[in-house]
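Chemist: Structure for this input, please:
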Amino acid sequence: MPLTSKQLQASQKMIKQMAEVINKQSHCCAMMSDPTRIKLLLAIKQFKELSVSEIAKILQITVSAVSHQLKNLEIFGAINKRKKGQQVFYSLNRQSPVVQCLYNFQKQRL
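Modeler: From the prediction side, this is the model:
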């Protein structure tokens, strides 16, 4: 049975109203699609705050690779940074949809 014009309009209205949520979820999925980013976020979550070099040691990857991932996470507002002298320390932005996605991911693990 084909959709009525009323059903079609209602569906289009609902999709439009959900656009912001859909975009946030899409960004969340993109950010969480990289295993290195997930590991990085989990490391920061475990220690509350870490420097680039500390993250690199934990994940056993280069400082350059960590910096690249942090830049992506910063663009999406997933992390906060605090400068202390020459060092920069990173923590999670708990308000970020990406970080909320991480917490949901951890709740659902086996």
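Chemist: now the end-to-end length of stretch 13-23.
Modeler: 16 Å (CA to CA, to the nearest Å).
Chemist: In this structure, mark out all the helices, start to finish.
Modeler: 5-17, 19-31, 35-47, 52-59, 63-75, 97-108 (DSSP state H).
Chemist: Could you tell me how far the spatially most distant residue from the centre of the chain is located from Q7?
Modeler: Distance from the centre of the chain peaks at M1, with 41.1 Å (CA atoms, centre = their mean). Plainly put, M1 is 10 Å away from Q7 if you go by CB to CB, to the nearest Å. No exception for glycine: its C-beta is placed from N, CA and C like everyone else's.
Chemist: Spit out the contact partners of the most centrally placed residue in the chain.
Modeler: Central residue of the chain (CA atoms, centre = their mean): V98, 2.7 Å from the mean position. When contacts are counted by CB atoms under 8 Å, 6 or more residues apart in numbering, V98 touches H27, C28, M31, M32, L41, L73, F76, G77, A78.
Chemist: Tell me how far the nearest residue to L42 once chain neighbours are set aside lies from K45.
Modeler: Nearest residue to L42 in three dimensions, chain neighbours excluded: L102, at 7.3 Å (CB to CB, 6 or more residues apart in numbering). To K45, L102 is 7 Å away according to CB to CB.
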